[in-house]
Every structure is written in structure tokens, then in C-alpha cells.
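In: structure of the sequence below:
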Amino acid sequence: MPTENAQPSLSPEDLESLQLARDILENPSLTARLSNYVGKPIEYALDMLPAKAGGLITEATQKAIHAALKAALMTMGKRDGRAAETAPAASRWLHKAGAAVSGGVGGFFGLAAVTVELPVSVTIMMRAIADVARGEGADLDDVTTQLDCVQVLGLGGRSKSDDAAEVGYFAAREAMAKAAVDASAFLATGGKLGATAAPPLVRLINAVASRFGVQVTEKVAAQAVPVIGAAAGALINTAFTNHYQQMARGHFVVRRLEGKYGKAAIEAAYQRLGESSE
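Out: Next up is the predicted model:
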């Protein structure tokens, strides 16, 4: 049996893919993009949010993840066992267009629309994430893949409880791992994806929401800036969707390589790439 020190070597092509994935996953750019649309640092927009915003955003985030679990993944269709090379390429614009429309509505009506607009936006976004997963050869009929897609929402930003030791892609995955395993076991033993009140699914939703909510707050803050309006709201939502499509691309490249070489080998190679870039 191979030992920890005898892990398989990645091919040059796979090592390049892992490097590109790491560049995406360790350098999320949502805050900078939103700041560009607002025209000022996102911290300024966050300071402008009213006191009631926290409760609305929490409610909207929970509803959004419920909607993603219940609807988006179940409508992606089968991949018919095709390999990554022959699976259809992820649509780069279709889902962004849908997100732009919902973002325009959110930008027009402001904070009051967040509990309605965000579940729609995230359901569209979840389809975009699943599309990326399919393009990397993942089986969308597999419960593990479906839950992986949901976890991508938790990879795009830190939880408020994160400290210096809890940053980075693999740390974020580990923070959600137990909840994801429990949810997968629940579904594998006959639990229904729509039964989002079930404790295993609630724990997963909460684990993802604790991280995703930070990014949602920034998005809502950017849209709430005076004179942003519908047009900029659409651009902000497009940036939001693009951000998570990119995170999905990095994540499912890593997952594809883990299927080929094993998780331990890929995590070790990923960390070595980080060390070599310092």
C-alpha cells in the first residue's frame, strides 16, 4: 500500500490545472468587484446598512439555501456517464443573464426586496455551479455532488467566526465537512432533499449560511447604496454569480483530481504550490 510519503505524482497537465484552481480558490475577488461597482470601498456601503438589515439578510440567506436544495440541482438533468472531456461545457452567460434580471429587481426595490430576490438569484446561481460541476465530469445525480454544489456557496467567503488558522480552501471545506457527511447519510437512507426541516439538512444549511451570509451582506450593501438603482443592481448580481462560478470551477477541478489521485495527494500538492509561491 502507498504510504504518506509515496503519494502519486501529478501529470504536468493536472499540476497546471491544480495551480489554476488554487489561484481561484485562494484569491476570491468579490469584495474588489463590488467596490468597483459601488465606486467606493465596500466597508463604506456596509456602514450605510440600516439596523434591520442583519435580520433580513439572515432570513434571505436561509431561504436562498433552502431554495437551492429544493429546486436548482434537481433540474440540471443527467450527464449520461460522459467524461469531463465530453460533458457539455458550462454555460458562461445564460445563468449570469438570469441573475442580472433578478439583481435589477433587487437594485430597483432596494433592501426591502432582498428576501424575495436572493432566493431567486441563488437558485439561478446554483444551476450555474452545477453546470460547472457537470463540465468537470461530476455526476449531478449523485447526492455527494449535489451537496458539494451547495457547499460552494460557503467557499466564497469567510465565516464571521473564522480566525487566522481557519482560512483557505481546505479549511473552509473542513468546516462544512461533518454537516455535509451527515446530510449525505440522511439522504442516502431515504431522507428527502425537500425535507429541509430535517436536522442533518438544517446543520448543513447553517454551516453554509454562516459563511455565505458574509458575502450576501456585502452584495446587499453594494445594492443599497443610494442611486445604485436597477442597472447597477444587475451588474452587481452578475459579478456575484461570476464569483461563485469561478469558485465552483476551482472546487470541482480539485474534486476531479482527488478522484484521480486521492484527497491526501491533492491536498499535499495544493499546499506545496502555496509554499512555492511565497
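
In: so what touches stretch 48-57?
Out: Contact with stretch 48-57 is made by 111, 114-115, 213, 216-217, 220-221, 224-225, as judged by CB atoms under 8 Å, 6 or more residues apart in numbering. (C-beta placed from N, C-alpha, C; glycine too.)

In: from those, which has minimum pLDDT?
Out: Lowest pLDDT of the contacts of stretch 48-57: Leu111, 63.

In: contact partners for Tyr218?
Out: Careful, residue 218 is Glu and not Tyr. By CB under 8 Å, 6+ apart, the residues touching Glu218 are 30-31, 34, 42, 45-46, 157.

In: which element follows the worst-scoring helix or strand of the chain on mean pLDDT toward the C-terminus?
Out: Every helix and strand of the chain was ranked by mean pLDDT, DSSP states H and E. The lowest is helix 94-109, at a mean of 45. Downstream of helix 94-109, the next assigned helix or strand under DSSP states H and E is helix 114-135.

In: pull the number of nearby residues for Ala264.
Out: Ala264 is flanked by 12 other residues according to other CB atoms under 10 Å.

In: if we can go back for a sec, which one of the contacts of Glu218 is nearest to Ala64?
Out: The shortest approach to Ala64 among the contacts of Glu218 belongs to Gly157, at 14.2 Å (CB to CB).

In: state the distance from Lys263 to Leu257.
Out: According to CB to CB, to the nearest Å, Lys263 and Leu257 sit 9 Å apart.

In: neighbour count winner among these two?
Out: Taking other CB under 10 Å, Lys263 and Leu257 do not tie; Leu257 has more neighbours (23 against 14).

In: for the more buried one, what are its contacts?
Out: Neighbour list for Leu257: 10, 14, 17-18, 21, 266 [criterion: CB under 8 Å, 6+ apart].

In: alpha carbons only: can I get whatever helix or strand Glu43 lives in in PDB?
Out: Using DSSP H and E, the element containing Glu43 is helix 42-47. What follows is helix 42-47, C-alpha atoms only, in PDB (Å, rounded to 0.1, in the frame of the first residue of the first chain):
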ATOM      1  CA  ILE A  42     -17.300  48.100   0.300                       C
ATOM      2  CA  GLU A  43     -16.800  49.000   4.000                       C
ATOM      3  CA  TYR A  44     -18.500  52.300   3.300                       C
ATOM      4  CA  ALA A  45     -21.500  50.600   1.900                       C
ATOM      5  CA  LEU A  46     -21.600  48.200   4.900                       C
ATOM      6  CA  ASP A  47     -21.700  51.200   7.200                       C
END
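
In: after it comes which helix or strand?
Out: Later in the chain than helix 42-47, the nearest helix or strand by DSSP H and E is helix 53-67.

In: give me the angle between that following helix and helix 114-135.
Out: Angle between the axes of helix 53-67 and helix 114-135 is 40 degrees (criterion: axes from the mean of the first three to the mean of the last three CA atoms, to 10 degrees).

In: now helix 53-67: average pLDDT?
Out: On average, helix 53-67 scores 83.

In: what are the C-alpha coordinates of that helix, in CSV please?
Out: In CSV, the C-alpha atoms belonging to helix 53-67 read as follows (Å, rounded to 0.1, in the frame of the first residue of the first chain):
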residue,chain,number,x,y,z
ALA,A,53,-30.6,44.7,7.6
GLY,A,54,-29.0,41.9,9.7
GLY,A,55,-32.3,40.1,10.3
LEU,A,56,-33.5,40.5,6.7
ILE,A,57,-30.2,39.2,5.3
THR,A,58,-30.2,36.2,7.7
GLU,A,59,-33.7,35.3,6.6
ALA,A,60,-32.9,35.8,3.0
THR,A,61,-29.8,33.6,3.2
GLN,A,62,-31.6,30.8,4.8
LYS,A,63,-34.4,30.9,2.3
ALA,A,64,-31.9,31.1,-0.5
ILE,A,65,-30.1,27.9,0.5
HIS,A,66,-33.4,26.1,1.1
ALA,A,67,-34.5,27.1,-2.4
